[in-house]
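**Q** Give the three-dimensional model of this entry:
(2 chains)
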Amino acid sequence: MSFLVPCPNCGRRSVYEFRFGGEVRQAPASDAPPDAWMDYRFNRVNAAGVQTEWWFHRSGCQQWLLAVRNTVSNEVLESFLPGEKEH
Amino acid sequence: MEAKHGDTIAAALYRAGRRIFSRSFKYHRPRGLLCVSGKCPNCLMNVDGVPNVRTCITPVREGMKVRAQNAFPSLDTDFLSITQRFDWLMPVGWYYKTFTHPAMWHAAEPVIRKAAGLGEVCSTAQTEYEHAWMHADTAVIGGGWSGIHAAQAAAERGEEVVLIDDQPTLGGQLRYRKRAEEIPGDLISRLEGAANVRILKCSYCFGLYEGNLLGVLQFNPHSSAAERLIHLRARHIVVATGAYETPLLFPNNDLVGVMLSTGVQRLLHLYGVTPGTRAVVVGTASTADEVCVDLRDAGAEIVATVEPGQIVTATGPGRVRGIRTQTGAFSCDLIVICGPRVPDVGLVAQAGGKLEWSAPHQAFLPKVMPAHVSVVGEATGEMPANANIPLSCSNRAFVCLCSDVSGKDLCDGIAEGFDQIETLKRYSTVTMGPCQGRMCQLSSIGVCAGQTGRSIADTGVTTSRPPNPSVTLGALAGPRHHPIRRTPMHYAHERLGACWMDMGDWRRPRYYKNSPAADENESVLFEYKIVRESVGIIDVSTLGKLDVRGKDSGQLLDRVYTHRFSDLKPGRVRYALMCDEGGIILDDGTISRLKDDHYFVTTTSGNLDFVQQWLEWYLAGTGWDVHICNVTAGYGAMNLAGPKSRDVLRKLTDCTLTSDAFPYMACREAKVGGIPATLLRIGFVGETGWEIHCPAESAEELWQKLLDAGHEFGIRPFGVEAQRLLRLEKRHVIVGVDTDALTNPYEAGMGWAVKLDKADFVGKALLSHAAKQPGRERLVGFVLRGTAVPKDGAAVVVDGLAAGRVTSSRYSPAQMAAVGLAWVRTSKAQEGASIQVRVDGTLANARVTLQPFYDAEGVRLRQ
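**A** Numbering: from 1, shown residues only, chains lettered A, B, ... in the order given. Okay, here's the model as predicted:
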């Protein structure tokens, strides 16, 4: 794995500067049944293709960002800060 | 022995008369120089303890020690060459057919390992490796005619260029072949002088990875490093690696004295060595001319020129003595092969490009290039077409020199059903040796195609994978650095006689040797006693510390932790428990409210990064006014604990320390010994005490002042082991030791820290659910009958069945028995229940208790 992640603050940096935070998922309502929360905690879509996901730039600005990446080719299509776009 | 300046090891050995350079893998047949360009396995030797060195491309150095490999007793006389007489016992795939019982393989393997193989790894070789990182607009691989021109063009466009060549001098094959093209003399010196061009000599690319990252291995970048691994990121890559010559397949094609024409030319023109006196040149009229002229000029006699299809066999034994063809037999001492040329485009294939067989060229040419990669020069196929040559299925026609796989072996494999190139490769191991298919891929595909009646295009190539050429593990690992984190008081601990332990990256004192004779147990009990009876001090600088400020800080902490913090009064401290969405305990620590909008958060030493990221994630996108700063390295911290701790601290600070003014679970900011500090009155070890945080640059000074002030009370430093015992007696849980990835707070007895009546917080839904469940297991304390201490993780047994496990256990002076914490089935988690614990191989009886083992009322903490 040796692709570059475009950090909105710092520019394109080696993926090893970041910590992967998982695919973007919608949390259930706080009063949703336990099964919905267990599914959220443990299950993943794990798409072979384009997904929106979280990255933390631990060796740089130390901020969270969102990236749209093709998990098959590791091509990162775009990135943005939380709150900038719907995700 | 002596060598000339500019020699390679092989050239110097050859000039001195050596002809046998190695013994083959399986049959121990003598092998001599073949390619003289680092592409075949024939010249591998052990140099200065390093095995499998390609001596034909390794420059000599003063004092080098060169040894043979895989030959006993010597290269010239190898007893194991008798193996070839038994080749009929070892046909292709013979391992699978012979060692059908595990015991047979067990007995045979050590013998086979000794008999067959390459070099031996030397564990004492002191080789230094480096890593480097480079960026370029254009990386050009190959410093021959095409590569030099590509680099020049890119440099003239103003780009940052890196030119990579595996030889000590640029020029490629023009260094040893007279060709129509010549490189103008000043072009190379202009390149070498250009500020935007970096030339890496004696370097090769072994792989192209995601994001246009090239792996480059550079030999001897300077005297202190043997190999340098370069991570080279380039916007555009130009492959100008040319085409290399490969051998022909005929009986006895591996004899010493059979050489590729380019190998002969390299010996002649680069090193001034004449490889023979009477030569037979095998090639077509057009390809043979060039090397015939070179040999005649060097004084050798050309006995005959033979078409490749006319060869019957070379004759030895061992060394070339002659060749038999369809038109006659000739005696000679050198057979020069003008073999098919293969475009060196493995990198293209490995990086996801596609190669296609071109019948006119009789070669695999790059057809589809990976993005941002282009290929120029002979590597594209711009070369004279190869002749269509017959292949031999003799058992002495060696396809794979690395593994001694003959044409017959391949035919047998195909007849047995392994008729696809991928399965044939795996069954016969052809192309799987050190040359990685360079010498044998073409012939093996040709034999497979011929035997199955398919075209070469339909037979295809096997999958290319990096690293190709190979790389040493040492180069991949890089320099042997091991980062260590030290606290500000590190050297003070050294002076105090600390015995060290590693906690993640941190070095911490496990205990202090108070006398040379004291062992660990004695020292730990001594430290324990001091803390319980007078006063001790421990360095807790490794704690994770976060400074959290902003008017919404309380809101964020309420959202993420299980307890409430927005209602914490300034000057108070609260235990902080953090769970994930599944209600599983992630971490714990303390949160102190210093001001309305200023909190000080501590975490366990190993989880600081995670907690910081977790808090930032819940903050992200909310727009809340909160700023989080990691101050772990900025503060030193020490815990002063014991009944006399107030007496010590009072000498150094004006802050009022009485329990009225400074109660348990309160925090104050004050100067201690003149140093600004944050004092937290908390009690992990169960005695009156303060956790004192101060700027790291003053921490050693404060530590010393506290030791000095405590001297009259008999103060001693205590280490991690004593702290573990002290906290265990108070039944304080350590997250990650006493809890694991399935533990929720209710099972661990920490339900009191969860405020389910809060607005939504992380884990609320599943924690509400868990609060109503009995749960499968509970974390309880136990007291053993006896003093033998069970190991952490020891089994808990009830009625002869496994019923849980011990998480922490020590001998407790307060109970005068072994005590500990353990997970047990909920039904057994009752005060006074009987369980058994495995200790020293037997089962010891124990009593469950839900109370701390010392000061159950918590009186001493609050004094």
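**Q** Residue numbers of chain B in contact with chain A?
**A** B:209-211, B:213, B:580-582, B:609, B:612-613, B:616-617, B:620-623, B:630, B:760, B:764-766, B:769 (CB under 8 Å from any CB of the partner chain). In short, each C-beta sits where N, CA and C put it, glycine included.
**Q** Narrow those residues to just the buried residues.
**A** Buried members of the residues of chain B next to chain A, scored by 16 or more other CB atoms under 10 Å in any protein chain shown, are B:209, B:211, B:213, B:580-582, B:609, B:612-613, B:616-617, B:620, B:764-766, B:769.
**Q** Lowest-confidence one in these?
**A** In terms of pLDDT, residue B:211 ranks lowest among these, with 89.
**Q** Just to be sure, which of the buried ones among the residues of chain B next to chain A are found in helices?
**A** Judged by DSSP state H, these include B:609, B:612, B:613, B:616, B:617, B:764, B:765, B:766, B:769 as members of helices.
**Q** doesn't residue A:59 make contact with the first one?
**A** So the one you mean is residue B:609. No. Applying CB atoms under 8 Å as the test, residue B:609 and residue A:59 come out as separate, 11.0 Å apart.
**Q** hey, which strand is longest across chain B?
**A** Assignment by DSSP state E gives strand B:225-239 as the longest strand of chain B.
**Q** Give me the sheet partners of that strand and which way each runs.
**A** If you go by DSSP bridges, strand B:225-239 pairs up with strand B:129-141 (parallel), strand B:213-222 (antiparallel), strand B:373-375 (parallel).
**Q** would TSV of those with distance to residue B:258 be doable?
**A** Output for the strands paired with strand B:225-239, formatted as TSV (distance: least, CB to CB, whole Å):
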stretch	distance to residue B:258
strand B:129-141	30
strand B:213-222	28
strand B:373-375	31
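**Q** Tell me which two of the buried ones among the residues of chain B next to chain A sit farthest apart.
**A** The span of those, defined through CB to CB, is set by B:213 and B:769 at 47.2 Å.
**Q** and stretch B:746-761, how far from the chain's centre?
**A** Offset of stretch B:746-761 from its chain centre (CA atoms, centre = their mean, to the nearest Å): 42 Å.
**Q** Quick check: end-to-end length of it?
**A** One end of stretch B:746-761 sits 17 Å from the other (CA to CA, to the nearest Å).
**Q** So residue B:446 lies in a strand, does it not?
**A** No. Counting by DSSP: H, G, I helix; E, B strand; the rest coil, residue B:446 is not found in a strand; it is helix.
**Q** burial of it, as a residue count?
**A** Neighbourhood size, residue B:446 [other CB atoms under 10 Å in any protein chain shown]: 22.
**Q** Look up phi and psi at the spatially closest residue to residue B:617 that is not a sequence neighbour.
**A** Excluding the flanking residues, the one nearest residue B:617 by CB to CB, 6 or more residues apart in numbering or on different chains is residue A:64, at 5.6 Å. Note on residue A:64: backbone dihedrals following degrees, to the nearest 10 are phi -80, psi 140.
**Q** I'd say residue A:64 and residue A:79 touch.
**A** No. Here residue A:64 lies out of contact with residue A:79, judged by CB under 8 Å, at a distance of 11.0 Å.
**Q** Pull up the overlap in contacts between the two.
**A** Common contact partners of residue A:64 and residue A:79 (CB atoms under 8 Å, 6 or more residues apart in numbering or on different chains): residue A:55.
**Q** My guess is residue B:154 contacts residue B:147. True?
**A** No. At 10.7 Å, residue B:154 and residue B:147 do not qualify as touching, with contact defined as CB under 8 Å.
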